[in-house]
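Chemist: what shape does this take:
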Amino acid sequence: MDEQALLGLNPNADSDFRQRALAYFEQLKISPDAWQVCAEALAQRTYSDDHIKFFCFQVLEHQVKYKYSELTTVQQQLIRETLISWLQAQMLNPQPEKSFLRNKAAQVFALLFVTEYLTRWPKFFFDILSVVNLNPRGVDIYLRILMAIDSELVDRDVVHSSEEARRNTLIKDTMREQCIPNLVESWYQILHNYQYTNSEVTCQCLEVVGAYVSWIDLSLIANDRFINMLLGHMSVEVLREEACDCLFEIVNKGMDPVDKMKLVESLCQVLQSAGFFNIDQEEDVDFLARFSKLVNGMGQSLIVSWTKLIKNGDIKNAQEALQAIETKVALMLQLLIHEDDDISSNIIGFCYDYLHILKQLTVLSDQQKANIEAIMLAVMKKLTYDEEYNFENEGEDEAMFVEYRKQLKLLLDRLAQVSPELLLASVRRVFSSTLQNWQTTRFMEVEVAIRLLYMLAEALPVSHGAHFSGDVSKASALQDMMRTLVTSGVSSYQHTSVTLEFFETVVRYEKFFTVEPQHIPCVLMAFLDHRGLRHSSAKVRSRTAYLFSRFVKSLNKQMNPFIEDILNRIQDLLELSPPENGYQSLLSSDDQLFIYETAGVLIVNSEYPAERKQALMRNLLTPLMEKFKILLEKLMLAQDEERQASLADCLNHAVGFASRTSKAFSNKQTVKQCGCSEVYLDCLQTFLPALSCPLQKDILRSGVRTFLHRMIICLEEEVLPFIPSASEHMLKDCEAKDLQEFIPLINQITAKFKIQVSPFLQQMFMPLLHAIFEVLLRPAEENDQSAALEKQMLRRSYFAFLQTVTGSGMSEVIANQGAENVERVLVTVIQGAVEYPDPIAQKTCFIILSKLVELWGGKDGPVGFADFVYKHIVPACFLAPLKQTFDLADAQTVLALSECAVTLKTIHLRRGPECVQYLQQEYLPSLQVAPEIIQEFCQALQQPDAKVFKNYLKVFFQRAKP
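Modeler: Predicted coordinates:
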């Protein structure tokens, strides 16, 4: 072997050596006999370095996995012998191999097993066991091999081909017949021999039993001698966690409901008499987490049994199962309320399913009602944050608690289904007592009290947030709690979690303020002062900006008395923060978007006359326009690229803010009705010069383009004079992405203004097409995936543009481009339909073709178009579906075929018998289609029902393709 290259295997080697080692590994993988050198090195223990030994196993692994079938019988025998002699050597080594080496060896054994067991090596396990006997080192490797085999055969995370899946099923069946009882006996012997002397091997063996139990005969394990030994392990500190997991796997195994019930009950009896149910005396939380999982498994198994027995009508046994479930509830509650969240989280499944049973019972006993209440109190207690939770810098622990809270929320929702009145009463009790003394109560208790009120909205659902009408007792309870929330002064609590929960809840129950509008001013003040938008925490300010906009939007009818006051108070929050002098504004630009939108909503929905609305909107937008002009001048002069980027960012924010205000308009309140057209046209006038700025083109164009989109929606034809010059600038030296984003703008104008923009479209049609073709024809690297994708997306946009033009009744835009250009455009559509394997574009192309045939295909169509139909469009309808890439099993392709059928039907509609004659006598015979099929095709085409022809066409091409 190349000793120099092997030096690179050491993790501390420098990168040159490492590169050389990698190259050497690749070389050995390809070489037909290099694996033999590695096999020899392993069998004869040539190297002592762990990394070289690992390397040799990797080469062998590659050989077994990918090239085994190429070896001769003698060579395959050599690999088997190498592994067995390596295994024998392990018994004699003064020191065991490192764990990572033993795992890799086990993987190679497992790969060889799945390849050879059914054919050449049926005695695999007997051979290994005869070498290993009960030697602890040998047993360790034997157990690792078993785990590696299990993951090859059963691991659901590994994706297997259908061939591998069939092979794995066959292997498991053969193992069950031939060797599983012997393997189980070996496990028993290992556990029996090592349970008190070698905890590592015992735990490994328990893991193996747990893994195999899911697919072997359960009676081999679920019997007295095994279960008693496992229960014995539950009392041995170093074994009990693995024993717990092993029992869990046994309990989880699918079986007859009555047998399962008996198994679980007998386990529980022994565990209870051994004192395992006395949770409070156990200090080892890791063990308790496993034990909780076991209890959860036993509880859920009993519930599955109950469900099956009820379904089968076996009432007597179902009653017994329910009794068995009820006796575990006290233990379940102890685990649910445990201060360690992992222990609690592991029992939630049982808890959830138990509530589901109670929901199905018609009458609940007093004990069951008490259980519901106990679960409710446990959930409320466990929802509470602990002292360690870091609100400013949330890490992994915090993320886990957030997930755990989501699980508890599901329990709360389930409680609401079982007993909504009880939930409402419990939350009300906790909420009222906490908020009465909020000043002297710890933050986590105040937060959870408000959180519970917030969660009720989803737990007790109503349509459209109508919590304060309908059921009187529920409505008045919620109304009382909301009144307490907004009048108690708790919004001043000095903790971010309480502040955020306050605002979230106020917004969730916004309908309360339509019932009691007198509370709106104090909530608005909370939003606007140091409790909300001016809070010391950026996180609170950011979230409040969003919630404030929602609050104002949902209550816009109640906002009229406060509009001017709010606009004055948010003035400083609207300032465009300049990119210089390190000025730190309170809100990020994303947060400011919400404030601008809120300001827009207040102005537009106010009851003011149009002149007042216009004045207020001008006050809002003029500072942005003035700042924009100054910043644009600065950008033109800026030398430093970093400064250019920050100025462009700032300009983009200004445009974005103006765009966002326009979201306040609607069909009921248009820009025109509010008298604001002029203000927005001034904005357009201000922003458009940025398009001709040669610096930071991407970001500036993107912002202005978005603003134009908004203006096309909001303004009427006043916007049209701005479009030509804007388009001209946006088409200058552009990339695929620019064009792709520009085309939707033109589509939007075309679809909205139709005939009004016809002159403009005729004028810019060919310049736009030249720009598109120029980009599409640019050479790109063969393997440049992103360039290919960009071109594909641009092609789609181009066809979408043609579809919009033809579909908006504007075909004269194309027709007036001169015969040569018209033909060029039509040829690109034919190419799109036939040549590019992109069903989305193909579908669009057929839509365009059928539209053009409909418009131009009659006797009075443009000169030469009828010829074009027969020479190009008809052939396209056959050539496209006949391509190998046209996959009729793909949904998008079927849609393309459907449009192809429409095109053929439209040609028949416009050209009549002449079309049928052409297909019968010229075109289809040229494709060598049999006369009877031609006849069948033409009959289908002439059917009045288009659906019949669509279905026929699919069958026609399925038959035609090899």
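
Chemist: for the stretch 501-650 of the chain, just list every one of the helices.
Modeler: Here the stretch 501-650 of the chain has its helices, by DSSP state H, counting those that start in this stretch, at 512-515, 520-528, 538-554, 563-569, 589-604, 610-637, 641-661.

Chemist: and the first one, what's its mean pLDDT?
Modeler: It stands for helix 512-515. Computed over helix 512-515, the mean pLDDT rounds to 95.

Chemist: so which of the helices of the stretch 501-650 of the chain comes closest to Val184?
Modeler: Closest to Val184 of the helices of the stretch 501-650 of the chain is helix 538-554 (C-beta to C-beta; 56.9 Å). (Each C-beta comes from the backbone N, C-alpha and C, glycine too.)

Chemist: ok so, going back, ranking the helices of the stretch 501-650 of the chain by burial, who's on top?
Modeler: helix 589-604 (a mean of 22; mean count of other C-beta atoms under 10 Å).

Chemist: centre of the chain to it, how far?
Modeler: Here helix 589-604 is found 30 Å from its chain centre; the criterion is C-alpha atoms, centre = their mean, to the nearest Å.

Chemist: residues near Ile933, how many?
Modeler: 13 (other C-beta atoms under 10 Å).

Chemist: which residues touch it?
Modeler: Going by C-beta atoms under 8 Å, 6 or more residues apart in numbering, Ile933 touches 924, 956.

Chemist: tell me the contacts of Glu823?
Modeler: For Glu823, the contact set (C-beta under 8 Å, 6+ apart) comprises Phe868.

Chemist: mind checking the SS state of Lys114?
Modeler: Residue 114: Val, not Lys. Secondary structure assignment for Val114 (DSSP: H, G, I helix; E, B strand; the rest coil): helix.

Chemist: mind checking how far it is from Leu170?
Modeler: 10 Å (C-beta to C-beta, to the nearest Å).

Chemist: those two: who's more crowded?
Modeler: Taking other C-beta under 10 Å, Val114 and Leu170 do not tie; Val114 has more neighbours (18 against 12).

Chemist: just give the number of residues close to the closest residue to that one other than its chain neighbours.
Modeler: Nearest residue to Val114, sequence neighbours excluded (C-beta to C-beta, 6 or more residues apart in numbering): Glu152, at 5.3 Å. The local packing of Glu152 (other C-beta under 10 Å) involves 18 other residues.

Chemist: now Asp340, what are its backbone angles?
Modeler: phi -80, psi 120 (degrees, to the nearest 10).

Chemist: centre-most residue in the protein?
Modeler: The centroid of the chain falls nearest to Glu403 when counting by C-alpha atoms, centre = their mean (16.1 Å).

Chemist: ok, back up a step: any chance of the helices of the stretch 501-650 of the chain in TSV, plus distance to Ala880?
Modeler: Formatted as TSV, those follow (distance: least, C-beta to C-beta, whole Å):
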stretch	distance to Ala880
helix 512-515	58
helix 520-528	59
helix 538-554	49
helix 563-569	59
helix 589-604	45
helix 610-637	49
helix 641-661	41
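
Chemist: check contacts around the residue nearest to Val114.
Modeler: Listed by C-beta under 8 Å, 6+ apart, the contact set of Glu152 reads 110-111, 113-114, 158, 168.

Chemist: tell me how far Glu200 lies from Val184.
Modeler: Between Glu200 and Val184 the computed distance is 21 Å (C-beta to C-beta).

Chemist: tell me which of those two has more neighbours.
Modeler: For Glu200 versus Val184, the count of surrounding residues by other C-beta under 10 Å is larger for Val184: 19 against 12.

Chemist: in what helix or strand does the more buried one lie?
Modeler: With secondary structure defined by DSSP states H and E, Val184 is part of helix 180-194.

Chemist: with just CA atoms, put that helix into CSV.
Modeler: Output of helix 180-194 as CSV, limited to C-alpha atoms (Å, rounded to 0.1, in the frame of the first residue of the first chain):
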residue,chain,number,x,y,z
ILE,A,180,-34.4,-16.9,15.4
PRO,A,181,-35.1,-19.3,18.2
ASN,A,182,-31.3,-20.0,18.4
LEU,A,183,-30.6,-16.2,18.4
VAL,A,184,-33.1,-15.6,21.2
GLU,A,185,-31.5,-18.4,23.2
SER,A,186,-28.1,-16.8,22.7
TRP,A,187,-29.5,-13.4,24.0
TYR,A,188,-30.9,-15.2,27.0
GLN,A,189,-27.5,-16.8,27.8
ILE,A,190,-25.7,-13.4,27.3
LEU,A,191,-28.1,-11.6,29.6
HIS,A,192,-28.0,-14.4,32.2
ASN,A,193,-24.2,-14.6,32.2
TYR,A,194,-23.3,-10.9,32.1
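
Chemist: just list what it packs against, helices and strands only.
Modeler: Judged by 3 or more C-beta pairs under 8 Å, 6 or more residues apart in numbering; DSSP states H and E, helix 180-194 is in contact with helix 124-132, helix 136-153, helix 199-212, helix 224-233.

Chemist: just give the nearest non-adjacent residue to Leu111, would you?
Modeler: Val64 (4.7 Å).

Chemist: and the helix or strand the one you found falls within, what's buried?
Modeler: Taking DSSP H and E as the definition, Val64 sits inside helix 50-66. The neighbour-count check on helix 50-66 (16 or more other C-beta atoms under 10 Å) flags 51-64 as buried.

Chemist: related to what we said a few turns ago, now, which of the contacts of Glu152 sits nearest Phe594?
Modeler: Using C-beta to C-beta, Val158 comes nearest to Phe594 of those, at 46.7 Å.

Chemist: run a quick neighbour tally on the closest one.
Modeler: Look at Val158: counted by other C-beta under 10 Å, it has 10 neighbours.

Chemist: chain neighbours aside, what residue packs nearest to it?
Modeler: Spatial nearest neighbour of Val158, excluding adjacent residues (C-beta to C-beta, 6+ apart): Ser151 at 7.0 Å.

Chemist: show me the shaky parts of this structure.
Modeler: For the chain, the stretches with pLDDT under 70 are 1-11, 13, 17, 21, 579-583.

Chemist: run the last query once more with 50
Modeler: Under the criterion pLDDT under 50, no range of the chain is flagged.
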